[in-house]
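J.: here are the coordinates; sequence isn't available:
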């Protein structure tokens, strides 16, 4: 039986409505609502750095562009924020492109970008390192929230962990495990009376994660400063951006923001390092004495096993994205 013109029109309308409902049900990708400028000193280089963060279209991803490199070749200046571009993990995470251009200390900014649910961003930067600001993600988050985000016409994708992935190196351990939402557990132990043994469990999707984890500052030991300087590291470190421990005391006049600020910052670092997956993770992360190197190794191990993960669209009702709409201004 041939369809009448009316039946054909009604069928096409029904298909259109189904497509519209499917798009509405998916959590959309986001970008900045307006450009953002951040300036500050680099923790390790000691140089003043300017970052201009620009909105980008769906599917662009997070890309750093070295504007201080005299080239119009984007292969020379652009560095995708991805785990497979990590080139160094000495006291921070550095990413680089095949031409050798690099950006270091990306983890604090990437933690902020991840928490706010930003999928697409072009970051123009005039030096080889992200500004350290106060040593946490707080300034990045506050600056971005001041301009807000905008939705894009494409669904967010996420990486769902399907089976345990564990990497170990002596006493160090990092694991990615199946689970709902995104939760993190961390354990550290230092032979120091100020730090000692600390553990923490955190839920990335709780709004309190911003204040309870992402405000935790980076830390170091006074006894290690001269050795770091000889390595060309820590040249921009100060009591304004680093918690400095000397024996049994904290040298910062204001003290600690949290009694266990050290392990909280380790969780912050892990979030930033894992954001280099290129999409939100659905599952659980566990770190034991882990650092940037172990975080990158566990990501590489995950993506090396095609049976360990799947790529899924995020639904707007999922807990993993329920809080992120707070950063999007009303239209």
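T.: That came in fine, so what should we check first? As the structure is a computational prediction, the values presented were derived from the model and not from experiment. Numbering: from 1, shown residues only.

J.: Quick check, residue 115 in contact with residue 209.
T.: Yes: contact criterion CB atoms under 8 Å: residue 115 and residue 209 qualify, at 6.7 Å. The C-beta positions use only the backbone N, C-alpha and C, and glycine is treated the same way.

J.: which one of those two has more residues nearby?
T.: Set residue 115 next to residue 209 and count neighbours by other CB atoms under 10 Å: residue 115 wins out with 26 against 20.

J.: Name all residues that make contact with the more buried one.
T.: Residues in contact with residue 115 (CB atoms under 8 Å, 6 or more residues apart in numbering) are 137, 141, 204, 209-210, 214, 271.

J.: A helix includes it, no?
T.: Yes: checked against DSSP: H, G, I helix; E, B strand; the rest coil, residue 115 lies within a helix.

J.: Please name the nearest non-neighbouring residue to residue 41.
T.: Closest residue to residue 41 apart from its sequence neighbours, by CB to CB, 6 or more residues apart in numbering: residue 236 at 4.2 Å.

J.: can you pull the contacts of that neighbour?
T.: So residue 236 contacts 41-47, 132 (CB under 8 Å, 6+ apart).

J.: hmm, 7 Å instead?
T.: The contact partners of residue 236, taken as CB atoms under 7 Å, 6 or more residues apart in numbering, are 41-46, 132.

J.: Remind me which helix or strand it belongs to.
T.: When elements are assigned from DSSP states H and E, residue 236 belongs to no helix and no strand.

J.: And the pLDDT at it?
T.: The confidence metric pLDDT takes the value 85 at residue 236.

J.: Quick check: phi and psi on it?
T.: The phi/psi pair for residue 236 (degrees, to the nearest 10) reads phi -110, psi 10.

J.: again with residue 46
T.: Phi and psi for residue 46, reported as degrees, to the nearest 10, are phi 80, psi 0.

J.: Over to residue 281?
T.: Torsion angles, degrees, to the nearest 10, at residue 281: phi -100, psi 140.

J.: That one touches residue 182, doesn't it?
T.: Yes: with contacts counted by CB atoms under 7 Å, residue 281 reaches residue 182, the gap being 5.4 Å.

J.: what about residue 295, which helix or strand?
T.: For residue 295, the host element (DSSP H and E) is helix 292-304.
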